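Coordinates for the following, if possible.
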Amino acid sequence: MQFTKAEDYGLHGIIYLAEQPPGKITPLSEISEAQQVPEKFLAKIFQSLSKAGLVKSHRGVKGGFSLARPADQMRIKEVLESIQGPYYISKCLADADSCTRAETCSVRKLLQLTQDRILEVFEGHSVADIVAWEKKIPA
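Now for the predicted structure:
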């Protein structure tokens, strides 16, 4: 299991916005450069984040993005799922009908337990938590 590039770039982009002064409108080009992410790809990701109500898009000469609400009110699960949809570690968990042994499969039960724990962690932490962790990492 791996994060997609979109999830990685989107999460880092949100974290970058959370590190800015409250209310600051940050140009996409700045986020792209700071996070070393292709700007066009980041634009698509931020479109999803905007639709989900996590970031605000500001148009015009001084346009860009800002957080739509405080970082401590944004769960990591919410950020990731706004980019890629519901989080599943296995196809059989996303669609039980795809497997004829779904009800009796012990591997599926293990995968479900694993997925539940991962989602607990994602739901249990906010963007603000990650910003705080980054400030504690020595340079």
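
packing partners for the lowest-mean-pLDDT helix or strand in the chain?
One helix or strand of the chain scores below all others by mean pLDDT, DSSP states H and E: helix 91-94, with a mean of 84. Counting contacts by 3 or more C-beta pairs under 8 Å, 6 or more residues apart in numbering; DSSP states H and E, helix 91-94 packs against helix 106-124. The way it works is simple: take the backbone N, C-alpha and C, and place the C-beta from them, glycine included.

What average pLDDT does the helix it packs on get?
Computed over helix 106-124, the mean pLDDT rounds to 93.

buried stuff in it?
Applying a neighbour-count criterion of 16 or more other C-beta atoms under 10 Å, the buried positions in helix 106-124 are Arg108, Leu111, Gln112, Gln115, Leu119, Phe122.

Next, work out how far apart the fifth one and Glu33 are.
In this case it means Leu119. Distance, Leu119 to Glu33, using C-beta to C-beta, to the nearest Å: 32 Å.

Low-confidence ranges, the protein, go.
1, 137-139 (pLDDT under 70).

Would you map the strands across it?
55-58, 64-67 (DSSP state E).

re earlier: nearest to Arg59 among the buried residues of helix 106-124?
Nearest to Arg59 among the buried residues of helix 106-124: Phe122, at 31.3 Å, using C-beta to C-beta.

For the closest residue to the closest one other than its chain neighbours, list the residues it contacts.
Closest residue to Phe122 apart from its sequence neighbours, by C-beta to C-beta, 6 or more residues apart in numbering: Lys77 at 3.7 Å. Lys77 makes contact with Tyr87, Leu119, Phe122, Glu123, according to C-beta atoms under 8 Å, 6 or more residues apart in numbering.

In these, find the pair that's most separated.
By the measure C-beta to C-beta, Tyr87 and Glu123 form the most distant pair in the contacts of Lys77, at 10.1 Å.
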